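Asker: Based on what follows, work out the 3D shape:
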Amino acid sequence: MLLLKGVACALFSYFSDMIVLYSLRLLMGITQAFCVIYAPVWVNEFSPKEKSTTWMGILHAFVPIGKENKFKIFSFSKENFYCGGNN
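Answerer: Okay, the predicted model is just below:
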């Protein structure tokens, strides 16, 4: 799922056609749904009971860190390796 999301994000930064952009955004949303829905459930189920809140905090703290890193990586790749299009 992570690889598919990465490919969709990379393609999203290179296309300007609205149909393609909507399709890629839908694909990104589908790949994110599994982690967003089931990761907290997994933490509640399998974390040690005395550390459950710590695990949940760490899980939710890494979401904005991951998003920030994604934006940095793909803005750099588009800026330095862009090969065409309408822009």
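Asker: Please look at Leu59 and Val43 and confirm they touch.
Answerer: Yes - using C-beta atoms under 8 Å, Leu59 is in contact with Val43, at 5.6 Å. For every residue, glycine as well, the C-beta is placed using N, CA and C.
Asker: distance of Ser23 from Val36?
Answerer: With the distance defined as C-beta to C-beta, to the nearest Å, Ser23 ends up 20 Å from Val36.
Asker: out of those two, which sits in the more crowded spot?
Answerer: When Ser23 and Val36 are compared for neighbours, Ser23 comes out ahead with 15 against 10, by other C-beta atoms under 10 Å.
Asker: Looking only at neighbour counts, state which of Leu59 and Val43 leads.
Answerer: Ranked by neighbour count (other C-beta under 10 Å), Leu59 and Val43 place Val43 first, with 19 against 15.
Asker: Packing partners of the host helix or strand of that one?
Answerer: Per DSSP states H and E: Val43 is located in helix 18-46. Judged by 3 or more C-beta pairs under 8 Å, 6 or more residues apart in numbering; DSSP states H and E, the packing partners of helix 18-46 are helix 2-12, helix 52-81.
Asker: Quick one: residues contacting the residue located most distally from the centre of the chain.
Answerer: Farthest-out residue of the chain from its mean C-alpha position, per C-alpha atoms, centre = their mean: Glu50, at 29.6 Å. Contact analysis of Glu50 by C-beta atoms under 8 Å, 6 or more residues apart in numbering lists nothing.
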